[in-house]
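Colleague: Make a model of this:
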Amino acid sequence: MTISYDSEEKLAAFAQSQGITYPMLSDPDSATITRYGILNTVSIESLGSNADDPEVAKDFALYVSVTQPSERFRGIAYPGTFMLDPDGRVTSRFFEDFYQERSTVASIMLRLGNGFSVQGTEISTGQIQIKTYPSDSEIALGERFAIVVEITPLPKMHVYAPGADKYRVVTIEIEPQPFVRLLPIQYSASEIYFFEPLNERVPVYQKPFTLLQEVVPEVSREARAAFEGKDTLTLTGSLEYQACDDRICYNPVSVPLSWTVKLRPLLFGQRRGR
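Modeller: Down below sits the predicted model:
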């Protein structure tokens with residue numbers, strides 16, 4: 001379900017053009033938007049006495065639109081997603097840093113720890129089992145999705161978690177490319193491993209765990225030009241780690257990985273900067 005300040009007629013036309021079947025609620029006076037505390041005050045300030053302030057103009061370009069301020073932006077909400085329980089109570093919420101970007105439902109579910117079973121690439125290194133896949137098979141520019149790497153250490157094996165300064169910490173390395181932004185990797189909770197011969201305590205993973213690398217293909221005018229005519233986005237990189245058992249620490253390992261997602265056209269609202 002969505003809610004916006006657009007009229008019922010505009011929402012109906014938009015739903016029909018995009019094949020949307022879920023409810024879209026009209027809040028033309030922004031009363032509900034205001035009660036939820038998500039009224040976009042930047043759009044209002046840009047129409048007031050501070051309209052010529054360079055900082056206000058900068059915020060407007062970031063949080064509202066790349067076009068000039070106008071009355072049509074008064075009453076819009078900050079873009080975000082609320083998660084509800086079966087009784088309709090809000091359990092969590094996610095808001096975007098940039099008005100043209102949106103998290104996919106799958107990436108939000110993964111951030112909440114709600115995994116799902118999908119087909120992925122499976123690799124065994126003799127020390128760990130790896131399964132990796134993108135959260136979404138198809139995305140649009142400006143959609144925040146996730147690269148998922150599920151790792152299962154083999155029996156009596158462990159790999160090093162963040163904070164293990166003397167060892168190669170497990171991580172995902174993705175080759176940089178223009179107009180593709182990588183967010184900080186999200187790690188599962190680790191445990192402390194005591195290595196008695198060295199009287200050493202270090203954070204490790206001994207049980208199955210997951211790494212999430214969120215990715216945003218940018219939606220700026222320059223990005224749209226760069227992606228023009230492309231129907232896929234391919235990311236290449238590697239899983240870096242070091243594994244040990246209770247006797248031996250093995251050499252660091254680099255496992256080549258790649259992920260490809262389909263690119264679909266931007267939604268009407270994204271094209272016009274709403």
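
Colleague: quick one: low-confidence ranges for this structure?
Modeller: 115-117, 267-274 (pLDDT under 70).

Colleague: and the closest residue to P69 other than its chain neighbours, how many residues sit next to it?
Modeller: Computed as C-beta to C-beta, 6 or more residues apart in numbering, the closest residue to P69 that is not its neighbour in sequence is S46, at 3.9 Å. Using the backbone N, CA and C atoms, a C-beta is placed for each residue, glycine as well. When neighbours are defined as other C-beta atoms under 10 Å, S46 has 25 of them.

Colleague: I'd say S46 and A57 touch.
Modeller: Yes - distance between S46 and A57: 7.3 Å, which falls inside the contact criterion (C-beta atoms under 8 Å).

Colleague: Give me the contacts around the host helix or strand of E122.
Modeller: In the assignment (DSSP states H and E), E122 maps to strand 121-124. Identification of contacts with strand 121-124 by C-beta atoms under 8 Å, 6 or more residues apart in numbering yields 129-133, 255, 257.

Colleague: Tell me who's in contact with the residue minimising distance to the centre of the chain.
Modeller: Nearest to the mean C-alpha position of the chain, by C-alpha atoms, centre = their mean, lies R144 at 3.8 Å. Taking C-beta under 8 Å, 6+ apart as the criterion, R144 is in contact with 96, 101-104, 107, 183, 214-216.

Colleague: same thing with S92?
Modeller: Counting by C-beta under 8 Å, 6+ apart, S92 touches 82-83, 112.

Colleague: can you check E96 too?
Modeller: E96 neighbours (C-beta under 8 Å, 6+ apart): 78-80, 102-103, 144.

Colleague: What subset of these is buried?
Modeller: Buried by 16 or more other C-beta atoms under 10 Å: 78-79, 102-103, 144, out of the contacts of E96.

Colleague: related to what we said a few turns ago, I'd like the next helix or strand past the strand holding E122.
Modeller: Going down the chain from strand 121-124, the next helix or strand is strand 128-134, by DSSP H and E.

Colleague: Quickly run through the sheet partners of that following strand, with directions.
Modeller: Applying DSSP bridges to the sheet, strand 128-134 is found paired with strand 121-124 (antiparallel), strand 143-153 (antiparallel).

Colleague: Tell me which helix or strand comes right after the last one.
Modeller: Which is strand 143-153. Following strand 143-153 toward the C-terminus (DSSP H and E): strand 158-160.

Colleague: buried stuff in the following helix or strand past that next one?
Modeller: Sequence order places strand 171-174 as the next helix or strand after strand 158-160, per DSSP H and E. For strand 171-174, a neighbour-count test (16+ other C-beta under 10 Å) marks 171-172, 174 as buried.

Colleague: swap in stretch 55-69?
Modeller: Across stretch 55-69, burial judged by 16+ other C-beta under 10 Å covers 56, 59-61, 63-65, 69.

Colleague: who touches stretch 58-73?
Modeller: By C-beta under 8 Å, 6+ apart, stretch 58-73 touches 40, 42-43, 45-47, 51, 76, 78, 98-99, 221, 273-274.

Colleague: That concludes my questions; thank you for your assistance.
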